[in-house]
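Visitor: how would this look folded up:
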Amino acid sequence: MKLLNLVGWSSMAIIPKTRQTKPTGVIVNEHTLTASQTRLHVETLSRWFDFIHYDELLNRLSRPRSRPFCLLTFDDGKRSNATITAPELERLGVPAVFYVTTRFLTDGSPLWFDRSDAIRRALGYAPPELDGKTLKKLPFTLLNERLDRACAEYQVTPDMECDNIRPMSWEEARGMARRGFTIGAHGVKHTVLTCETEADALFEIRQSVEDVKKEIGECRTFAFPNGNYTRRLAQHALECGVETIMTTEPMWVDSSFPPWRLPRVQFEDWHGRARIELKLAAAATGKLLANPDGTGRRYRKYKGANCPQ
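Guide: Coordinates of the predicted model:
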């Protein structure tokens, strides 16, 4: 707990007393967890929050309660979400939202960052032109061509037998929905939408929402891949019929946030109790914070109807 004390917090005071609007909860962003990691994260979060189903989100935002809420979300649609994480959450009685990258589920092709990671692991380092921060700044066509050349040159392919890399199937996603989990859209190819032309970015949103509606029967929520967004892109997602849109702005959420810009606090599989509580404490301040998307962008606290930075 020394880390928490360094930033002026104790393990008994996650919620700040200096904000005019008391945060009503957090939306947590995860990716892949083992069963034991799932239990650890749930145990840690349950000390401070009531877990809610996606159906309760808008109501809890408009009608805060004395104990803050936590909505768990998982991005990308990896098979381990279906085979490990969801069953463990179901056993624990904890609901969650799973945002799926739709082409990933349809054709089983690896996500671009898994290809990049495979090269890094094979070489023992990431060449500058293949560094994640560099790739995230490229249009998807250029990014994909660069990875195609590198994978051919180094004779590297991701291990698609690994459930943390391979996608879940649509049938598995439908099974999760039948068991009460929410399935949302997360783009078609996990494209960084702000690097694309407007037409391509709008297509990515529209098609992924339509894919989820076709396969699951409904699509009520969308999460921006990599967290990059503009107000125009958010408006288009709403026009496609979703109710809420998730970013990766690392802040607690309260009633001042519009449904098209809901922040999420991101945790990694290796985060333990102290790290989770430290990030929760830092996110609760609502101050200028770095976004964990690797681009170096920073976010400002939402103010009224102003467009986000």
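
Visitor: is residue 164 in contact with residue 34, as I believe?
Guide: No: at 9.1 Å, residue 164 does not count as touching residue 34 under the criterion of Cβ atoms under 8 Å. Every C-beta, even on glycine, is put in place using the N, C-alpha and C of the backbone.

Visitor: touching both of the two, which residues are there?
Guide: Counting by Cβ atoms under 8 Å, 6 or more residues apart in numbering, the residues touching both residue 164 and residue 34 are residue 80.

Visitor: neighbour count: these two, which is higher?
Guide: Neighbour totals were compared for residue 164 and residue 34, and residue 164 leads with 17 against 14 (other Cβ atoms under 10 Å).

Visitor: neighbouring contacts of the host helix or strand of residue 151?
Guide: Remark: residue 151 resides in helix 140-154, with elements defined by DSSP states H and E. Contacts to helix 140-154, defined as Cβ under 8 Å, 6+ apart, come from residues 112, 115-116, 118-119, 122-123, 127, 129-130, 135, 138, 156-157, 189, 191-192, 195-196, 200.

Visitor: in space, what's closest to residue 84 - neighbours in sequence excluded?
Guide: Using Cβ to Cβ, 6 or more residues apart in numbering and skipping the chain neighbours, the partner closest in space to residue 84 is residue 35 (5.7 Å).

Visitor: do the same with residue 73
Guide: Sequence neighbours aside, residue 97 is the residue nearest to residue 73 in space, at 4.4 Å (criterion: Cβ to Cβ, 6+ apart).

Visitor: the one you found: what's it in contact with?
Guide: By Cβ under 8 Å, 6+ apart, the contact set of residue 97 is 54, 71, 72, 73, 74, 181, 182, 183, 184, 221.

Visitor: could these be laid out in a markdown table, adding pLDDT?
Guide: Compiled in a markdown table, these are given as follows (pLDDT from 0 to 100):
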| residue | pLDDT |
| --- | --- |
| 54 | 98 |
| 71 | 98 |
| 72 | 98 |
| 73 | 98 |
| 74 | 98 |
| 181 | 98 |
| 182 | 98 |
| 183 | 98 |
| 184 | 98 |
| 221 | 98 |
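
Visitor: now the residue nearest to residue 73: how far from residue 221?
Guide: According to Cβ to Cβ, to the nearest Å, residue 97 and residue 221 sit 6 Å apart.

Visitor: ok, now residue 211?
Guide: Distance of residue 211 to residue 221, computed by Cβ to Cβ: 14 Å.

Visitor: overlap in contacts of those two?
Guide: residue 185.

Visitor: those two - which one has more neighbours?
Guide: Neighbours were counted for residue 211 and for residue 221 using other Cβ under 10 Å; residue 221 has more, 25 against 21.

Visitor: so what's that one closest to, chain neighbours aside?
Guide: In space, residue 221 is closest to residue 184, 4.0 Å off (Cβ to Cβ, 6+ apart).

Visitor: number of residues surrounding the residue nearest to residue 84?
Guide: Counted by other Cβ under 10 Å, the residues lying close to residue 35 total 14.

Visitor: for the one 3 residues further on, same thing?
Guide: Other residues within reach of residue 38, judged by other Cβ under 10 Å, total 24.

Visitor: for it, which non-adjacent residue is spatially closest?
Guide: residue 88 (4.4 Å).

Visitor: pull the contacting residues for that neighbour.
Guide: Residue 88 sits next to 35, 38, 39 when contact means Cβ under 8 Å, 6+ apart.

Visitor: phi, psi for it please.
Guide: Per-residue torsions, residue 88: phi -70, psi -40 (degrees, to the nearest 10).

Visitor: if we can go back for a sec, just the buried ones from the contacts of helix 140-154, in ChimeraX syntax?
Guide: Only the buried entries of the contacts of helix 140-154 go into this ChimeraX selection, using 16 or more other Cβ atoms under 10 Å:
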select :112,115,116,118,119,130,135,138,156,189,191,192,195,196
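
Visitor: let's see which of the contacts of helix 140-154 end up in strands.
Guide: With strands taken from DSSP state E, there is no overlap with the contacts of helix 140-154.

Visitor: sorry, back to before: would you list the contacts of residue 97 in TSV and tack on distance to residue 142 and secondary structure?
Guide: TSV is the format used below for the contacts of residue 97 (distance: Cβ to Cβ, whole Å; DSSP: H, G, I helix; E, B strand; the rest coil):
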residue	distance to residue 142	secondary structure
54	35	helix
71	35	strand
72	34	strand
73	29	strand
74	29	strand
181	35	coil
182	34	strand
183	30	strand
184	28	strand
221	30	strand
